[in-house]
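Colleague: Fold the stuff below for me.
(chains A and B)
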Amino acid sequence: MTEPGQNTNDILIELQGLQRYYRGRKVLDIDQLILMRGHRYALVGANGSGKSTLLKLLAGAIKPSGGEIVFHGLDGDYDRAYLPQKPYIFSCSALKNVMMAIPDKNADKQRRRLQAEQAMRLLGIAELADGKANRFSGGEGQRLALARILVVPHQLLLLDEPTSATDIAGNELFEEALNNYLQQTQATLIFATHALSQAVRLADTVIFLDGGKAVEQGPPEQVLYHPQSAGGKAFLRFWQG
Amino acid sequence: MEYFVDALKLLLGNNGELRGIIAVTLQMSFFSTTISMLIGMPLGVLIGSRSFVGKRYLVRVIHTLMGLPPVVAGLIVFLLLSRSGPFGEFQLLFSVPAMVIAQVVLITPIIIGLTASITSVRAKSLLETSRGIGIPRRKEIGLLLYEARIQLVAVMMTGFGRAISEVGAVQIVGGNVQFHTRVMTTAIMLETNKGNFELAVALGIVLLLISLIINSFAQRLQEEPND
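Modeller: Numbering: from 1, shown residues only, chains lettered A, B, ... in the order given. Okay, here's the model as predicted:
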């Protein structure tokens, strides 16, 4: 469903009757969901509510068991980027890790290197550029994985708990870099998070998932502070946002 | 001890037959391991990293073939290459290429099985990440092989170890022909049966030395990234 005042031309993704089963258990069941171009969506919900499954389906990492996902105007390899919950860090230098995310068709090596260094600088890991990336700490590895995502302009960013391992300074750098990136690229952001305060800061729309269903959708202050569903009330009762 | 001293004298001397046996053994082991790696590693990566119908059964077959008795492999290759067999016209029986073929039959399932097992551990996370940042799919196999390179050295050593120490299959298809298809293992068997223990012990020492050198080299390759 499009919200009042929204143009159907701005629709980026439509989900219709989307279902996903895992070992015979239904883990995602969304009747209809429309995601608009240029918006920032936070997926919120308890463990096992379907956040990661939805992101994987949107990323094409897994296939739906039923229903369909329609993307409008997304077809190239680099149109969407996906950051899994546990990103793989390649066993080369950190700089090479980031350079691997830059398409090598049109850019010369020196330019790609500068581009990668800039992304690493934004996430506060420039001094680790020559370090063996697979020896990084969890937080450093996550920042590196974020640099790989933000080094190239994409139309759609799918981030699964992007700062679950980073410290407060890392979170701040990430949010600042992400905000700048989104302003420059006008990309659509969909991220799963357990950090509800981050959802308030980064998202303009929160989608609350409960038992694989999208039970609430709206501005953060509405969904997180005044949940309507029983699941939302139960989930948020301990949060003092 | 007496045999050991005699064996050392033999090794340090100028024994043409001994040198020939060592050369044939290394040649056969090198080619059979290389061919098995070239076939087995890409297949192992594909099986380890992809989901497809019947994968479980295929893996079961590969695991069964990993324990294929060498004499059975030798017998199969013998029947295929014998004069009345489907490949008899190539006249490969009792030649080094026949021994290489028999060893490839033996070693390839081992390489496939171990490679699949190694790559399956990291494939899910690696493929999710690489697709997530737009790395083209044609580069995935190479990327998986590169990331598993340290463990794949151990796979290669396992293959080489099997090749150099194998006796049943090469005896059947090679025929243990002097100066032609005699390798260290078949020679040790023959010389022991003849009571010529000096040559048998000398060959045993060389076999162990080669194994030690190859394993030291492999260990160095595996340790280098962590020093």
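
Colleague: B:Glu147 and B:Gly48: what is the separation?
Modeller: Separation of B:Glu147 from B:Gly48 (Cβ to Cβ, to the nearest Å) stands at 12 Å. Glycine gets a C-beta too; all of them are placed from N, C-alpha and C.

Colleague: elements contacting the helix-or-strand element of chain A with minimal mean pLDDT?
Modeller: Sorted by mean pLDDT, DSSP states H and E, the helices and strands of chain A end with helix A:230-236, the least confident at a mean of 90. In terms of contacts (3 or more Cβ pairs under 8 Å, 6 or more residues apart in numbering or on different chains; DSSP states H and E), helix A:230-236 is packed against strand A:205-210, strand A:213-218.

Colleague: Count the neighbours of the spatially closest residue to B:Leu26 that is not a sequence neighbour for me.
Modeller: Leaving aside its sequence neighbours, B:Leu26 sits nearest to B:Ile210 (Cβ to Cβ, 6 or more residues apart in numbering or on different chains; 7.4 Å). Neighbour count for B:Ile210, taken as other Cβ atoms under 10 Å in any protein chain shown: 18.

Colleague: sec struct for A:Pro64, please.
Modeller: coil (DSSP: H, G, I helix; E, B strand; the rest coil).

Colleague: pretty sure it contacts A:Leu18?
Modeller: Yes: using Cβ atoms under 8 Å, A:Pro64 is in contact with A:Leu18, at 5.6 Å.

Colleague: neighbour count winner among these two?
Modeller: A:Leu18 (25 against 17).

Colleague: Model confidence for that one, exactly?
Modeller: On pLDDT, A:Leu18 comes in at 97.

Colleague: Please apply the same query to A:Leu189.
Modeller: 98.

Colleague: so it is in which element?
Modeller: If you go by DSSP states H and E, A:Leu189 is part of strand A:188-192.

Colleague: what packs against that strand?
Modeller: strand A:25-36, strand A:40-44, helix A:51-59, strand A:156-160.

Colleague: mind redoing it with 7 Å?
Modeller: If contacts are counted by 3 or more Cβ pairs under 7 Å, 6 or more residues apart in numbering or on different chains; DSSP states H and E, strand A:188-192 sits against strand A:40-44, helix A:51-59, strand A:156-160.

Colleague: How about the closest residue to chain A within chain B: what's its closest non-neighbour residue?
Modeller: Closest to chain A within chain B is B:Gly132: 3.4 Å, counting by Cβ to the nearest Cβ. With sequence-adjacent residues excluded and distances taken as Cβ to Cβ, 6+ apart, B:Gly132 is closest to A:Tyr82, at 3.4 Å.

Colleague: Poorly predicted segments of the chain, please.
Modeller: No chain in the question, so chain A it is. Scanning chain A for pLDDT under 70 picks out the ranges A:1-7, A:75-78, A:105-107, A:240-241.

Colleague: try again with chain B
Modeller: Residues of chain B meeting the criterion pLDDT under 70: B:1, B:224-227.

Colleague: For A:Ala147, list the residues it contacts.
Modeller: A:Val98, A:Ala119, A:Met120, A:Leu123, A:Ile125 (Cβ atoms under 7 Å, 6 or more residues apart in numbering or on different chains).

Colleague: From B:Gly134, how far off is the fourth one?
Modeller: A:Leu123 sits 19 Å away from B:Gly134, going by Cβ to Cβ.

Colleague: Those two: which has the busier surroundings?
Modeller: A:Leu123 (26 against 20).

Colleague: That one and A:Leu144, how far apart?
Modeller: From A:Leu123 to A:Leu144 the distance is 8 Å (Cβ to Cβ).

Colleague: circling back to that earlier point, which one, of the helices and strands packed on strand A:188-192, ends up nearest to B:Asn196?
Modeller: Nearest to B:Asn196 among these is helix A:51-59 (66.4 Å), distances taken as Cβ to Cβ.

Colleague: longest single helix anywhere in chain A?
Modeller: Ranked by residue count, the top helix of chain A under DSSP state H comes out as helix A:168-185.

Colleague: what about the residue nearest to B:Leu26, is that helix, strand or coil?
Modeller: helix.

Colleague: repeat for A:Leu18
Modeller: Following three-state DSSP, the label given to A:Leu18 is strand.

Colleague: which one is it nearest to, not counting chain neighbours?
Modeller: Leaving aside its chain neighbours, A:Leu18 sits nearest to A:Gly67 (3.9 Å; criterion: Cβ to Cβ, 6+ apart).

Colleague: So which elements touch whichever strand or helix holds the one you found?
Modeller: Here A:Gly67 sits within strand A:66-71, counting by DSSP H and E. Using 3+ Cβ pairs under 7 Å, 6+ apart, the elements in contact with strand A:66-71 are strand A:11-22.

Colleague: Please list all residues in contact with whatever residue of chain A ends up closest to chain B.
Modeller: Residue nearest to chain B within chain A (Cβ to the nearest Cβ): A:Tyr82, separated by 3.4 Å. With contacts defined as Cβ under 7 Å, 6+ apart, the neighbours of A:Tyr82 are A:Leu55, A:Ala59, A:Ala61, A:Leu158, B:Gly132.

Colleague: again, but for A:Ala42
Modeller: A:Phe191, A:Thr193, A:Ala199, A:Leu202, A:Ala203, A:Val206.

Colleague: want to throw those residues into a markdown table with neighbour count?
Modeller: Listed next are those as a markdown table, based on neighbours: other Cβ atoms under 10 Å in any protein chain shown:
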| residue | neighbour count |
| --- | --- |
| A:Phe191 | 24 |
| A:Thr193 | 22 |
| A:Ala199 | 25 |
| A:Leu202 | 22 |
| A:Ala203 | 23 |
| A:Val206 | 26 |
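
Colleague: which parts of the longest helix along chain B are buried?
Modeller: The residue-count maximum for a helix in chain B (DSSP H) belongs to helix B:96-132. For helix B:96-132, burial by neighbour count (16 or more other Cβ atoms under 10 Å in any protein chain shown) applies to B:96-120, B:122-123, B:126-132.

Colleague: Helix or strand next in line after that helix, which one?
Modeller: The C-terminal neighbour of helix B:96-132 among helices and strands, as given by DSSP H and E, is helix B:140-147.

Colleague: Who are the packing partners of that next one?
Modeller: helix B:16-49, helix B:96-132.
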